[in-house]
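Asks: Model the following, please.
(2 chains)
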Amino acid sequence: MEILCISGENWGWEGLWQLCPRAQSSSAENIPSRERFQSSGLRSNHPEVEDLKPKRFQVSALLSKWTKQNMWLQIFPNLGAGGGNDIQWCFSQVKGAVDDDVAEADIISTVEFNHSGELLATGDKGGRVVIFQQEQENKTQSHSRGEYNVYSTFQSHEPEFDYLKSLEIEEKINKIRWLPQKNAAQFLLSTNDKTIKLWKISERDKRPEGYNLKEEDGRYRDPTTVTTLRVPVFRPMDLMVEASPRRIFANAHTYHINSISINSDYETYLSADDLRINLWHLEITDRSFNIVDIKPANMEELTEVITAAEFHPNSCNTFVYSSSKGTIRLCDMRASALCDRHSKLFEEPEDPSNRSFFSEIISSISDVKFSHSGRYMMTRDYLSVKIWDLNMENRPVETYQVHEYLRSKLCSLYENDCIFDKFECCWNGSDSIVMTGSYNNFFRMFDRNTKRDITLEASRENNKPRTVLKPRKVCASGKRKKDEISVDSLDFNKKILHTAWHPKENIIAVATTNNLYIFQDKMN
Amino acid sequence: MPVETQEERGETASPVGEIQLLRWSLLSWEPLPLSGASLRSHDSWTCSLLVPECRLWDPVHVFLTPVVPQWPFYNLDTMFMRGLKRKCFDGEEDIEGTLAGIKAIPSYNLQRQSLLDMSLVKLQLCHMLVEPNLCRSVLIANTVRQIQEEMTQDGTWQMINMQNTGQASVDRLVSTDILCRSSREQAEGKHVPGYSTFSKDFEGDQAQDSSETMSTASSVQALRNLQSNVWEMENSQENKGNFQKSLDQIFETLENKSPNSVEDLFSEVDNSYYDLDTMLTGMMSNTKMGHCDGLEPFPSPTTTTSSSNCKSDLNELDHIVEILVES
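Replies: Numbers count the residues shown, from 1 in each chain, chains lettered A, B, ... in the order given. The predicted structure is shown next:
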C-alpha cells in the first residue's frame, strides 16, 4: 500500500492516517489538498497501524513527479478525537491542607505509585508516609476512574541525633519504592538521609471472637465461671490497615541517601548517597556491599557527587548512576565487585554557545529513570529532559526544554538557590510521554511521538472534577499575549519537584509544596 | 526577585535607601540566620542598585566592596541590548531609565567578581549550617574554582600590571598580609604568569585593587583604601580563616569531625594572626621609608610553620579571599 494523499508543505504534518491502494490514485492535476486528507477518516484499526508509531512511506512516483523530488513522508498517527490526540487532562482530586501557610512537616518529598497503580504513596518532610488506595471502579460511574482515598498513614522515620558528629538527622522521606506484591500484604521501602526501612502494610478485616478465658473487652474471666468450652470464630470487623517495619537497614551511609532502587530480581536493592552506592539484600540488615565509591582520598579534590541511581528494569546486573557533572555511568555488577569503572559513560558534549559560569550547575542531573521497556533512560537536569538510548553514549536521542526561558535568569536563580532545586521526571506506562515539573506549580508533558508538549498548572482554581485543564504558556520576552504569564511573575516558591504516572492508565499524581493533585484523562 | 530601592526609581536618596544600602553591605559579611525560611526569602538578599552618588559617600560600602553589588547577568550580549532600561539584569521592564540604569553596564570582570562574592558567601553559609548539602557545596565550590582559574588565565593580573605605575603602586606597597601570603605561595612554588616588573609580593595587592582601579582611579582614594585595608586586616584574617575553614569543612564536616576540632583549626589560624600582627607593626614602619624596587622578598618566619599545615588549595582560596576582602 502506498500513501497517495499528502500535505504539500509540511512533511511530518500530523494528519490522519490514510492508506490508499494505487488504483485510487489521483491524477497529477488533482493535487491532494490538506482538507481532503483530513476528511478521509481515521483508520486506527487498520492492521498496519497497530503500533501507532510514526510511519514512513515512500512517496509514490506520481507525487514525486509533482513535488519534483524524492522524499520520505512521515505521518504521525492522529490518536485522538476531533483531530487532536492529545490526552485531555482533568482535575480529579486534591489532597492536603487548604491554607496557604505551609507547615514544614507537611511538605511532600516523594510520590510513588505501586506496580498495579492501585496504591499511591507519598512521603513528607515530617517522616510520615500516607498511602492512598484507588476505589474499585464503579460500574455506574463509567466516566471516571476510581478515586484515591487514604488507606494508611504511618510515621516511617523519626528525627535522630548523631552523637558522634553532633548533627541532627532529618526525618524527611527522600524516596519510597514499592515491592511487587507477592501475597496479601504490600511492601515498600522508605528512606531518609541515613536509614532505609522495609514496611509491611497489611489489612485486617476479621477478628476472632469467643475466647473462653477472656471477655470481649479483654478482661480475664474467672476460670471457675467457665462451664462450657467453645471454639473462637472469626467475625468481620471494620477494615484496619496496619503498617509494621519488617527490616531496618541502617548505619551504612556516611552521606545523605538520595536514591533507592529495587532490583528486578526482587531480592536485592541499591541505595545511593552522595559518594557511595551500596547493595543490600532485602532479608539481611546487618550487611551491605559497597559497589560504587567515588570518594577521593583527599576530600579537597572532590568535584563530583552522585545524584541519582537506578537498577535496570530487566537486567538484574545493570544499574546506572548520574553525577553532578551531567554524566551518567552504566555499570555491570558482573564485571567486578566494586564497579568503579563504568561500562558505559553517557555524556553530551557541551554546547559552547551556551556556556556560562552556571553551565556546570545546570548540567547537574537531578533524576534518572529507565523506561519501562529498558531500552531508554531519561535524565533531568535543571533546564531540560533528555532521553538516552542505552546503545548510544555520545549524546541523547531526544532533548526537551522544560523552561528555557529561565536561561537568562540563571544568576537570580543562583542567588535565591532555586538553581539547586532537584526536579524529578517520570514516564507514562507505554513510554510514549514523559512528564516533569517546573515553577509556579506548572508541570510539563512531552509526547515523544508527536513531539508536542503541554504545560499545565496544579492549582486549586480548577477545582471541579472533570474540569479539563487549560494549557498554560509562559512568555519569555516581548509582548505578553492574553493568558500568558511573563517570566517575572512566576512564583519560584511554588515548585513541582515530584510527579508520578500510573503504570497502566492515564492518571497522574503531582505534588506541589504541601498538596497532592491527582489528574485523569477525560474519558468519553 | 530583587527589591528596588528608591534610588532605582529615580528619586533622590532617602534615609531609608541609605539604610538599605548599609544593610546590604553589612549583611554580606554577617552570617545569616539559620532558619530555612529566611535563607530562602529574598529579603535577606536584597540587592540594591547603588547610584553613584550614594556610593561615593558611603564609607562602609566603599571599603567592603568597590563594585556595585549587582548580581550580574552573564550573557553580555543581552546585557548590552537591554542597556539603559535595565535595573537588575533580569529584564524588568517596568523601570524607567534611571540614573542607575544609565550609570553602568558592568564589565565582565565586575560581573565575575560579584559572582565570586556571592559564591563565597554561600559557601560560608554552608559552613554555618548544621548539615551542609554536599552536592550544593560541591557545585558552588566548582564555580568558585572556575572563576578563579579564569581570572588567572585571562590576564587579569597582566592588566593590573600594566595599570600599576609609579606612585600609586608605591602606596599600595604594603599589605603585610599579602607579603605573608605570597611568601607562603613562594613556599608552594606558585607562579603567576605575566608577572615581570614587580615582585610577587604585589600580586595580590594588584588583584584587590583591580576593581578599584576600574571604578575609581584616584591615588588618594587608593591610599585611603590601603589604610583601611590595613586596619581591616584583623577582620580579613578571621574571615579568611573562616573561608579557608569553610571550604575544608564542607568536605570534611561529615567525616566525623566534631565541632571541637573546628576550634582547633581556628586556633591554628589565630596563632598565625598574632604573628602577622607583630610583623604588621614592623612592616608599617618599614614601608614609610622603603621603595618598591629595593624591597627584598619578605622573609617568612613563623607563617611558614602554619603554612606547612595549610593545604595547597587553601592558598588559592586565600588568594580569592584577598581579592574579596581587601578590594
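Asks: Below-threshold pLDDT in chain A: ranges please.
Replies: Under the criterion pLDDT under 70, the flagged ranges of chain A are A:1-85, A:138-144, A:462, A:478-479, A:524.
Asks: From A:P232, how far out is A:D222?
Replies: Note on A:D222: its distance to A:P232, by CB to CB, to the nearest Å, is 19 Å. Where you see a C-beta, it was placed from the backbone N, CA and C, and this is true even at glycine.
Asks: Likewise for A:D238?
Replies: For A:D238, the distance to A:P232 equals 19 Å [CB to CB].
Asks: neighbour count winner among the two?
Replies: Neighbour totals were compared for A:D238 and A:P232, and A:P232 leads with 12 against 7 (other CB atoms under 10 Å in any protein chain shown).
Asks: which residues does that one contact?
Replies: A:P232 makes contacts with A:208-212, as judged by CB atoms under 8 Å, 6 or more residues apart in numbering or on different chains.
Asks: Just to be sure, which of these are found in strands?
Replies: A:208-209 (DSSP state E).
Asks: Would you tell me which one of the contacts of A:P232 comes nearest to chain B?
Replies: Using CB to the nearest CB, A:P208 is the member of the contacts of A:P232 that lies nearest chain B, at 48.2 Å.
Asks: Looks like the closest one contacts A:V233 (just checking).
Replies: Yes. In this structure A:P208 lies within contact range of A:V233 using CB atoms under 8 Å: 7.0 Å.
Asks: Report the contact partners of the residue most central in space within chain A.
Replies: What sits nearest the mean C-alpha location of chain A, by CA atoms, centre = their mean, is A:C426, with 2.6 Å. Contact partners of A:C426, counting by CB under 8 Å, 6+ apart, are A:369, A:434-436, A:499-501.
Asks: Likewise for A:V320?
Replies: By CB under 8 Å, 6+ apart, A:V320 lies in contact with A:309-310, A:312, A:328-331, A:346, A:368, A:370, A:377.
Asks: Please repeat the previous calculation with a cut-off of 6 Å.
Replies: Each residue near A:V320 by CB atoms under 6 Å, 6 or more residues apart in numbering or on different chains is listed here: A:310, A:328, A:330, A:368.
Asks: ok, now how distant is the residue in the stretch 201-350 of chain A positioned nearest to chain B from A:D488?
Replies: Nearest residue of the stretch 201-350 of chain A to chain B (CB to the nearest CB) works out as A:M299 at 3.7 Å. Here the criterion is CB to CB. By it, A:M299 lies 40 Å from A:D488.
Asks: so what's A:E160 bridging to?
Replies: A:I169 (DSSP bridges).
Asks: thought it was touching A:I169?
Replies: Yes. Counting by CB atoms under 6 Å, A:I169 is a contact partner of A:E160 at 4.2 Å.
Asks: what is in contact with these two at once?
Replies: Shared contacts of A:E160 and A:I169 (CB under 6 Å, 6+ apart): none.
Asks: Stretch A:232-247: how far from the chain's middle?
Replies: Chain-centre distance of stretch A:232-247: 31 Å, with CA atoms, centre = their mean, to the nearest Å.
Asks: got the CA positions of that stretch in PDB?
Replies: What follows is stretch A:232-247, C-alpha atoms only, in PDB (Å, rounded to 0.1, in the frame of the first residue of the first chain):
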ATOM      1  CA  PRO A 232     -13.400 -18.900  68.800                       C
ATOM      2  CA  VAL A 233     -14.700 -17.900  65.400                       C
ATOM      3  CA  PHE A 234     -13.600 -15.100  63.000                       C
ATOM      4  CA  ARG A 235     -16.100 -12.400  62.600                       C
ATOM      5  CA  PRO A 236     -15.800  -9.500  60.200                       C
ATOM      6  CA  MET A 237     -14.800  -6.200  61.500                       C
ATOM      7  CA  ASP A 238     -14.000  -2.700  60.200                       C
ATOM      8  CA  LEU A 239     -11.100  -2.800  57.900                       C
ATOM      9  CA  MET A 240      -7.900  -1.900  59.700                       C
ATOM     10  CA  VAL A 241      -4.700  -1.300  57.800                       C
ATOM     11  CA  GLU A 242      -1.600  -1.900  59.800                       C
ATOM     12  CA  ALA A 243       1.900  -0.900  58.900                       C
ATOM     13  CA  SER A 244       4.800  -2.500  60.600                       C
ATOM     14  CA  PRO A 245       8.500  -2.200  60.000                       C
ATOM     15  CA  ARG A 246       9.900  -5.500  59.000                       C
ATOM     16  CA  ARG A 247      13.500  -4.600  58.300                       C
END
